[in-house]
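Undergrad: Dropping the sequence and predicted coords here.
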Amino acid sequence: MANGTLWILVGNASRARLFATDAKAEEDWRLVEEFRHEESRAHQGELLRQADNPNAGTLHGPPVENEPDGRKELEHDRFARELSAYLDQGHDRHDFDKLVIAAPPEFLGRIRRMLSTRVRQRVLLDVGSDYSNVPAKELPDRVPLI
């Protein structure tokens with residue numbers, strides 16, 4: 001294993017930061033990776049103009065982007081899937097032993113649905129709050145780890 005490494009994912013539907021510390025959270029948090037998903041920040045009108053994008057809809061049924069807020073929902077799912085895939089890779093490399101996730105409740109639910117069973121088993125805690133704009137040095141005081 002990763003010698004008791006704890007990963008902390010802090011984010012929302014458009015940006016996230018991944019930090020690492022020791023399992024007892026006695027070390028300072030180290031930034032591992034930053035993620036941005038600009039499509040999640042775009043306005044619905046901008047997303048609708050991207051309808052020619054072959055990845056914009058689904059293969060079956062009416063295109064999701066034609067529903068109210070449908071394309072935005074699709075982009076939020078994509079970002080949650082991207083984060084989940086990164087966590088899967090970290091798990092497979094034995095980069096962390098435990099995981100804490102802090103995200104707004106709606107996006108936290110999306111991430112939970114996307115997590116593989118093996119990563120889900122490593123989740124120590126999830127926090128339904130948006131700390132994406134909190135400076136890194138203040139996060140250890142805001143995100144409870146133990």
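TA: In hand now; what should we look at?
Undergrad: What about the closest residue to residue 19 other than its chain neighbours, how many residues nearby?
TA: Sequence neighbours aside, residue 29 is the residue nearest to residue 19 in space, at 4.1 Å (criterion: C-beta to C-beta, 6 or more residues apart in numbering). Glycine gets a C-beta too; all of them are placed from N, C-alpha and C. The tally of other residues near residue 29 (other C-beta atoms under 10 Å) stands at 21.
Undergrad: With residue 108 instead?
TA: Residue 108 is flanked by 21 other residues according to other C-beta under 10 Å.
Undergrad: what pLDDT does the closest residue to it other than its chain neighbours get?
TA: Sequence neighbours aside, residue 128 is the residue nearest to residue 108 in space, at 5.4 Å (criterion: C-beta to C-beta, 6+ apart). On the pLDDT scale, residue 128 is placed at 96.
Undergrad: Could you pull up phi and psi at residue 128?
TA: phi -90, psi 60 (degrees, to the nearest 10).
Undergrad: how close does it get to residue 106?
TA: 9 Å (C-beta to C-beta, to the nearest Å).
Undergrad: Could you do residue 142 as well?
TA: 19 Å.
Undergrad: Which strand residues bridge residue 36?
TA: Beta-bridge partners for residue 36, by DSSP bridges, are residue 15.
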